[in-house]
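Student: below are the sequence and a predicted model for it; my questions follow.
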Protein chains: 2
Amino acid sequence: MLELYHSGLTTCSKQVRLTLREKNLDYVSHFVDLRTYEHYSAEYLKINPNGLVPSLVDDGRAIINSLAIMEYLDDICPEPPLRPADPKKRADMRRWLSTSDTTHMSVMTLTYNAFLKPEVEALSDGDKETVMAANPVPERRERIRRIAYGGYSEDEESRAMDMTAYTLGQMEDALSHGEWMVGDYSLADISLFALTHRLGELDAEIFDASRFPGVVAWHKRMLARPAVAHIMQPGTAETPANSALSLSGLG
Amino acid sequence: MLELYHSGLTTCSKQVRLTLREKNLDYVSHFVDLRTYEHYSAEYLKINPNGLVPSLVDDGRAIINSLAIMEYLDDICPEPPLRPADPKKRADMRRWLSTSDTTHMSVMTLTYNAFLKPEVEALSDGDKETVMAANPVPERRERIRRIAYGGYSEDEESRAMDMTAYTLGQMEDALSHGEWMVGDYSLADISLFALTHRLGELDAEIFDASRFPGVVAWHKRMLARPAVAHIMQPGTAETPANSALSLSGLG
């Protein structure tokens, strides 16, 4: 039995929920409420010591890291395939998975500043310290510290934009050769879509058809997929209204 | 025919050279001299538009990103296997590959400050700008800018240490269950060893047997592998003396 601990529409949760839906896999959904810090609960830290979502539990065994989970799902459920059969294309796909991972670091800078900073700034100093102390991962703790005390500078935001735009430029090149990132639709599309969807929510001016027409057209093709429409639907059990999911800014 | 463009003992080159050696695969070695900026040459940028090493070329087709190359080598040459057959363990392995990727960001901060800063600081302002302008990847360009003009602060170094130590702590937990990171020796060991080897070169005090006895013992097991001894040997065609490889600090 598959169980997914997730937070609805945050970036890594989107990646794994979309993979599950494309595979038509049944699973028990556990919504982890980031706003009430359920991801730092002793119970959840037993599943994922990093206190990050999502985590997949298969017959009691936890699997963490969204990219690892996505490949795992294709390993245990090969149909429909979401990885190219050709080893060279498969390598290209993995290169994009890794690119989505590193680009996520820059997109997080934008997300934290835009969506999460107002909430964290409004906490008392004591609560700020409590939230930071509860976060097991130093890199994420540091992000909370940054937005709790002033936020990322304009200069840092602008560099995060540059890095993200660089990835969009590489995607534009790849998409000049076909409809999807590496031949057939694959995990590369899924992982990168989670980022471009966030750029849309951020209303990031770099994500624009005049600059990256191929990427914007691809993004629309993604939105037209039934599985994407399904996981994005607001107000479902996996995307409850009280979570303000896509605005939670925690991933 | 396999051709490898690499820079000897930089982190990602080590990962791929070690994988090739463990597989006993023959390849044509192209040493890319980072000190003379060969990685920014028009010729090399045709192979890898990011201007990063290593790149693998298989029958004329370039494959980039060290983690993607490592999995590719196991795809095209399954013996000896460097990925667990069990899907759950394979997922664990991929979680560690991703962890090595993100931890590398912190280790690079330490490397750039310790090894590369003196060289870059010694450049004229004009040469500093030329080097930055030549670097296609904004994230790397920003790193050069940082060390060209003052370097990372003590505070930033200390946070990079914390993040690295966090990964060492997770490795310590994993290694309490066996000799290697995920059951049998795998790409997880190879990717993480490239980082601990760098921590040794940096003489990082966090990498200490009193704090991480399991990791230090595992690191010694790694050093005892014939393939590791082979790729680390200084002064070979792949590790020429004039490259001051492990001190180049460029990866």
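Tutor: That came in fine, so what should we check first? Numbers count the residues shown, from 1 in each chain, chains lettered A, B, ... in the order given.

Student: for the stretch 151-251 of chain A, which residue gets nearest to chain B?
Tutor: A:D162 (4.3 Å; CB to the nearest CB). For glycine as for every other residue, the C-beta is placed from the backbone atoms N, C-alpha and C.

Student: run through chain A and note the low-pLDDT ranges.
Tutor: Applying pLDDT under 70 to chain A flags residues A:241-251.

Student: show me the domain layout of it.
Tutor: Taking automatic domain parsing as the criterion, chain A consists of the domains A:2-81, A:87-232.

Student: the shortest one: end-to-end distance?
Tutor: Length of domain A:2-81, first residue to last, CA to CA, to the nearest Å: 19 Å.

Student: with the last one instead?
Tutor: From its first residue to its last, domain A:87-232 covers 32 Å (CA to CA).

Student: look up the closest residue to the residue of the stretch 151-251 of chain A closest to chain B, ignoring the ones flanking it.
Tutor: B:P138 (4.3 Å; CB to CB, 6 or more residues apart in numbering or on different chains).

Student: same question for A:G169.
Tutor: Here the residue nearest A:G169, using CB to CB, 6+ apart, is A:F212, at 7.2 Å.

Student: and stretch A:49-60, how far out from the chain's middle?
Tutor: Centroid displacement of stretch A:49-60 relative to its chain, using CA atoms, centre = their mean, to the nearest Å, is 15 Å.

Student: buried residues in that stretch, which are they?
Tutor: Neighbour counts over stretch A:49-60 (16 or more other CB atoms under 10 Å in any protein chain shown) mark A:N50, A:G51, A:L52, A:V53, A:P54, A:S55, A:L56, A:V57, A:D58 as buried.

Student: phi and psi next, for the second one.
Tutor: Looking back up the chat, that one is A:G51. phi 60, psi 30 (degrees, to the nearest 10).

Student: show me what contacts it?
Tutor: Listed by CB atoms under 8 Å, 6 or more residues apart in numbering or on different chains, the contact set of A:G51 reads A:H39, A:Y40, A:Y44, A:L45, A:A134, A:N135, A:P136, A:V137.

Student: of these, which is the most crowded?
Tutor: A:H39 (24 neighbours; other CB atoms under 10 Å in any protein chain shown).

Student: can you redo the contacts of A:G51 as JSON lines with distance to chain B?
Tutor: Formatted as JSON lines, these follow (distance: CB to the nearest CB, whole Å):
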{"residue": "A:H39", "distance to chain B": "17"}
{"residue": "A:Y40", "distance to chain B": "16"}
{"residue": "A:Y44", "distance to chain B": "17"}
{"residue": "A:L45", "distance to chain B": "13"}
{"residue": "A:A134", "distance to chain B": "15"}
{"residue": "A:N135", "distance to chain B": "11"}
{"residue": "A:P136", "distance to chain B": "8"}
{"residue": "A:V137", "distance to chain B": "7"}
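
Student: helix or strand: which one has the residue lying closest to A:T99 once chain neighbours are set aside?
Tutor: Nearest non-adjacent residue to A:T99, counting by CB to CB, 6+ apart: A:T167, 5.9 Å away. Following DSSP states H and E, one finds A:T167 within helix A:154-175.
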